[in-house]
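**Student:** Below: sequence and its predicted model.
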Amino acid sequence: MSDKKGIIFDMDGTVWDSSENVAGAWTVKVHEVGFTDKTITGEDIKSVMGKPMDVIADTLFTFTEKGKQRDDLRSACEKYENEFLRKNGGILYENVLETWAKLKEMGYHIYIVSNCQEGYIESFLGFYNIAYGSPEDLVEDIECYGNNFLQKDENIRLMADRNGLAAACYVGDIQSDYDAAFKAGVPFIHARYGFGTIDTEVPYIESFEELVKVVPEVIG
């Protein structure tokens, strides 16, 4: 029987904060299609982080016509955002890479599941030159809504099953992250430094490096 243990991470508000650079990239595309009086702010982006991209577009692009116009703008924003972040990155929370390396030394396997568009996680990994995709790499597997259009709970479950995890936990920062972990049947660790609060008592961290102590308490 497998004893493989994995930690599955949310992206935004958990591993990094890309909101200001995403907002800047989106504003470029909004202006390019003629809405020069509209600006997407970092706070706008933070308010919708964690939601699927079509929901984000319906929330932030109310000045467009629902349908092709909105979908085309969303697609352009997604593509340019990925390019921009691969070149410019975001704000990586303190000690993320060092903590991941330590957790791997402790025998845990590292994964990422996000509600982002296709290519977003790869842009993050590319900017920081993080090896991914195999058991030897720092991040062994990634999945997102943009790849398969599955909800976050489904992708958390998919990640655990695909990698043969006997035990897993999900680390996230907002209520929907907790809800997804609960629905997927895995324990949740709240990144309190992130973008949101949780309406129930759960294990938590105030800084990323605290995972070295908290993860063993949660999944052994």
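**Tutor:** All right, it came through fine.
**Student:** Please tell me how far residue 186 sits from residue 163.
**Tutor:** Residue 186 sits 12 Å away from residue 163, taking C-beta to C-beta, to the nearest Å as the criterion. C-beta coordinates here come from the backbone N, C-alpha and C atoms, glycine included.
**Student:** more crowded one of these two?
**Tutor:** When neighbours are counted by other C-beta atoms under 10 Å, residue 186 and residue 163 differ, and residue 186 comes out ahead with 22 against 17.
**Student:** hang on, that one packs against residue 168?
**Tutor:** Yes: look at residue 186 against residue 168 with C-beta atoms under 8 Å: they come within range, at 4.8 Å.
**Student:** Common neighbours of those two, please.
**Tutor:** Taking C-beta atoms under 8 Å, 6 or more residues apart in numbering as the criterion, residue 186 and residue 168 both touch 8, 156, 160.
**Student:** Now, the residues you listed that are in helices?
**Tutor:** In helices, judged by DSSP state H, the following of the shared contacts of residue 186 and residue 168 are found: 156, 160.
**Student:** So which of the shared contacts of residue 186 and residue 168 wins on neighbours?
**Tutor:** Scoring the shared contacts of residue 186 and residue 168 on neighbours with other C-beta under 10 Å, the highest-scoring entry is residue 156 at 29 neighbours.
**Student:** Next up, the contacts around the residue nearest to that residue when sequence neighbours are not counted.
**Tutor:** For residue 156, ignoring the flanking residues on the chain, the nearest one in space by C-beta to C-beta, 6 or more residues apart in numbering is residue 184 at 3.9 Å. Under the criterion of C-beta under 8 Å, 6+ apart, the neighbours of residue 184 are 153-154, 156-157, 160, 170.
**Student:** Make TSV from these and add pLDDT and distance to residue 204 to it.
**Tutor:** Shown next, in TSV, are the contacts of residue 184 (pLDDT from 0 to 100; distance: C-beta to C-beta, whole Å):
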residue	pLDDT	distance to residue 204
153	98	20
154	98	25
156	98	18
157	98	23
160	98	21
170	98	13
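**Student:** Export the residues you listed as TSV, with columns for distance to residue 121.
**Tutor:** Listed next are the contacts of residue 184 as TSV, based on distance: C-beta to C-beta, whole Å:
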residue	distance to residue 121
153	18
154	17
156	14
157	18
160	17
170	15
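**Student:** Could you point out the longest helix of the chain?
**Tutor:** Longest helix in the chain by number of residues, with DSSP H as the criterion: helix 68-88.
**Student:** Please identify the pairing partners of whichever helix or strand comes after it and their relative orientation?
**Tutor:** With elements assigned by DSSP states H and E, the helix or strand that comes after helix 68-88 is strand 91-92. Partner strands for strand 91-92, per DSSP bridges, with pairing direction: strand 16-17 (antiparallel).
**Student:** now the helices for this structure?
**Tutor:** Counting by DSSP H, the chain forms helices over residues 19-32, 42-48, 53-60, 68-88, 96-105, 120-127, 145-148, 152-162, 175-184, 211-219, given from the N-terminal end onward.
**Student:** Residue 200 is nearest to which of those?
**Tutor:** Smallest distance to residue 200 across the helices of the chain (C-beta to C-beta): 7.3 Å, for helix 175-184.
**Student:** Quick one: mean pLDDT over the closest one.
**Tutor:** Helix 175-184 shows a mean pLDDT of 98.
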